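J.: Quick check, what structure comes out for this input:
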Amino acid sequence: PYQGASTFGECPSDNTDPDYDINITKPDCSLVCPWPQSIPPGYAWTTDGWQCSNGYHGMAELECPISADCSVTSQLSGCTEPKSCTAPSFERCQHVEVAEDCADL
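T.: Here you go, the predicted model:
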């Protein structure tokens, strides 16, 4: 799932030290995340990358988990649709010591 240029490592031909660290330049690799198979509601692709659609809030994020067999999938997360608040239910005067104190409410 990673892409990048290959590199070369070498050990001196006259080396006798089994603990000698190989001379290598680490490759510059990047994970290539596939396009999501389905785009859930609330997400939009723009020139700046993934963003939440109008009417949704949060920070869109494309995650690319790697499975045990080294295959990569992609999934979008972070955008939610606002929901209305629900008023709490309570009995009138339930938090008052004496019910008569609620007579004027």
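J.: burial of Ser71, as a residue count?
T.: As a burial measure, Ser71 scores 10 neighbours (other C-beta atoms under 10 Å). C-beta coordinates here come from the backbone N, C-alpha and C atoms, glycine included.
J.: Compute the distance between it and Ser77, please.
T.: Going from Ser71 to Ser77 by C-beta to C-beta, to the nearest Å gives 19 Å.
J.: One more: Tyr43?
T.: Distance of Tyr43 to Ser77, given as C-beta to C-beta: 9 Å.
J.: These two - which one has more neighbours?
T.: Between Tyr43 and Ser77, counted using other C-beta under 10 Å, Tyr43 has the larger neighbour count: 20 against 14.
J.: which ones are touching the more buried one?
T.: If you count contacts by C-beta atoms under 8 Å, 6 or more residues apart in numbering, Tyr43 has them with 50-53, 56, 60, 76, 79.
J.: any chance of the residues you listed in CSV, plus distance to Asp21 and pLDDT?
T.: Formatted as CSV, those follow (distance: C-beta to C-beta, whole Å; pLDDT from 0 to 100):
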residue, distance to Asp21, pLDDT
Trp50, 41, 96
Gln51, 45, 97
Cys52, 47, 97
Ser53, 51, 96
Tyr56, 50, 96
Ala60, 42, 97
Leu76, 41, 97
Cys79, 46, 97
